[in-house]
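> Model the following, please.
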Amino acid sequence: MADYYEYLHTVGFEETNIVGNVYYVNYLRWQGRCREMFLKGLAPEVLADLQNDLKLFTLKVDCEFFAEITAFDELSIRMRLVDLAQTQIEFSFDYVRLDPGGGETVVARGRQRVACMRGPNTRTVPTRVPEPLIRALRPYRAMVGA
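All right, here's what the predicted structure looks like:
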């Protein structure tokens, strides 16, 4: 089993600019999509809790670019757990271009910090990371120094 959760994506024309490079904002969208698919597949109880009063607020997001990608590149967005605190989670993301011959190239790396909150929008308060989410994330803990 891999130490990351993988979301596969094929870059489309709508994600590129006039010269054919991917808009930077799409890397951030793919982080969110990867996180959503993780919840759908491995922590559906958390999705149900989000329908009630749980909120996952993105506090910080970043991305560092190493190589350009273009339409129809095949990507593997690989999410790992970096930090798990009482009320917050930090993820890392590797954006890996999957080459037709089987090779792989890391084209970008990103991070995202999320806070768990509960309550109505006008009075949200920090809350512990839900146990089903902790269980689902456990296998994807990033190795420090790796």
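
> in this protein, which helix or strand is least confident?
helix 44-51 (a mean of 94; mean pLDDT, DSSP states H and E).

> neighbouring contacts of stretch 44-55?
39-40, 56, 116-120, 124, 127, 130, 132-133, 136 (C-beta atoms under 8 Å, 6 or more residues apart in numbering). C-beta: built from backbone N, CA, C; applies to glycine.

> What of stretch 60-78?
2, 4-13, 15-16, 20-22, 24, 27-28, 30-31, 33-34, 93-98, 104-113.

> Tell me the helix or strand right after the strand ranked longest in the chain.
Determined from DSSP state E, the single longest strand within the chain is strand 104-118. Following strand 104-118 in sequence order, the next helix or strand is strand 125-126 (DSSP states H and E).

> which helices and strands sit right next to the longest helix seen in the chain?
Looking across the chain with DSSP state H, the single longest helix is helix 24-42. Other helices and strands packing on helix 24-42, by 3 or more C-beta pairs under 8 Å, 6 or more residues apart in numbering; DSSP states H and E, are strand 5-10, helix 44-51, strand 54-65, strand 74-84, strand 88-98, strand 104-118, helix 131-137.

> Dump these into TSV; add mean neighbour count as well.
Below are the helices and strands packed on helix 24-42 laid out as TSV (neighbours: other C-beta atoms under 10 Å):
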stretch	mean neighbour count
strand 5-10	16
helix 44-51	14
strand 54-65	14
strand 74-84	18
strand 88-98	20
strand 104-118	17
helix 131-137	17
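
> Go ahead and flag the most central residue of the chain.
For the chain, the residue nearest the mean C-alpha position is residue 31 (3.5 Å; C-alpha atoms, centre = their mean).

> That one against residue 112, yeah?
Yes - under the criterion of C-beta atoms under 8 Å, residue 31 makes contact with residue 112 at 5.4 Å.

> joint contacts of those two?
Residues touching both residue 31 and residue 112 by C-beta under 8 Å, 6+ apart: 61, 91, 93.

> What average pLDDT does stretch 12-21 get?
Computed over stretch 12-21, the mean pLDDT rounds to 88.

> ditto for stretch 71-88
According to the model, stretch 71-88 has a mean pLDDT of 97.

> how far away is the residue nearest to residue 10 when sequence neighbours are not counted from residue 136?
Leaving aside its chain neighbours, residue 10 sits nearest to residue 74 (5.7 Å; criterion: C-beta to C-beta, 6 or more residues apart in numbering). In this view, residue 74 and residue 136 are 26 Å apart by C-beta to C-beta, to the nearest Å.
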